[in-house]
Every structure is written in structure tokens, then in C-alpha cells.
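S.K.: predicted model and sequence below, questions to follow.
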Amino acid sequence: MKFKNNNHQALFNNEAKRMNRHDNVKMAVLYLLTADFKLWNEAKRHIRRGNIDLDSIKVRNGNLKAYTLLSVARDIACGTSYLSIHDLADTDIISDKMFGTITTAIGIRRYGLDRNKKINAKENENA
């Protein structure tokens, strides 16, 4: 799994211990929320007993990066469409680094935290 930096990895791993690591949706959302320090400072107050209250998380001060990560988290968790395919393809809206963070979260949602094992198993099935 690819993390933005060591702080992102430490935050994610620390919080994931307190949650159901087999819940792919929650792990993908947690990955996104911990990817931005300012977003995490707002979001951590809205996690209780392993549940994330995305509706209560507010992005302040026009932080576009935090807003984008929160929007993707809501899309993954709730099936909304705050971010379109067009947005994802637009390098003026989504930087390469942000794109990598988003695609990693999508991979977590689809395959879980042990995605390498699952991808290799699927490849072996298709061989």
C-alpha cells in the first residue's frame, strides 16, 4: 500500500487498529481522511466506536485538497458522485499525487488491505 508520507502511514495504521480492518469501505475512507493533516484534525472528532460520521466533517478555509479527499471518501462510502471521471482526468483539478492517493483508496475499497494477495489469487484463477 502506498502512503503519502510516513505521517500518513502512522496515522492510518494507528487508527485502523481501532476499527474493523476487514471493512473495505471504512479502511478506504480512513486512508483518505488520514492523507491530509488538516482534514484529519477535523475528521478525528467524528470517529466513534469504529464508525465515521462523514456528514459531520466540515472542510474549513477553502482547503481544496481536503475538500477533494472528503468528497472522494463520501463517494466511496455513500455512492454519491461529488467527483466525476472528468474531474479525475483533469490534471488542473487532480494532481498526479492526489490521483495516486485516490486510486489507492479505490483499490482498498475493492480489494481490502491485503489487496496484493487478492490480486495474485485472481491472476492465478484466470491463468
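M.R.: It's in. Residues are numbered from 1 along each chain as shown.

S.K.: ok, now which ones touch the most centrally placed residue in the chain?
M.R.: The residue lying closest to the centre of the chain (Cα atoms, centre = their mean) is residue 32, at 2.7 Å. Taking Cβ atoms under 8 Å, 6 or more residues apart in numbering, we find residue 32 in contact with 69-70, 72-73, 76, 101-102, 105. The C-beta positions use only the backbone N, C-alpha and C, and glycine is treated the same way.

S.K.: need the three-state assignment for it.
M.R.: When classified by DSSP: H, G, I helix; E, B strand; the rest coil, residue 32 comes out as helix.

S.K.: quick one: it from residue 77, how far?
M.R.: Shown here: residue 32 relative to residue 77, a distance of 10 Å by Cβ to Cβ, to the nearest Å.

S.K.: quick one: the helices in this structure?
M.R.: Listed in chain order, the helices of the chain (DSSP state H) span 6-16, 24-33, 37-43, 64-78, 85-89, 96-111, 115-126.

S.K.: tell me the most buried of those?
M.R.: With neighbours taken as mean count of other Cβ atoms under 10 Å, the helices of the chain reach their highest mean count in helix 24-33, at a mean of 24.

S.K.: what is the rounded mean pLDDT of stretch 87-103?
M.R.: Stretch 87-103 carries an average pLDDT of 93.
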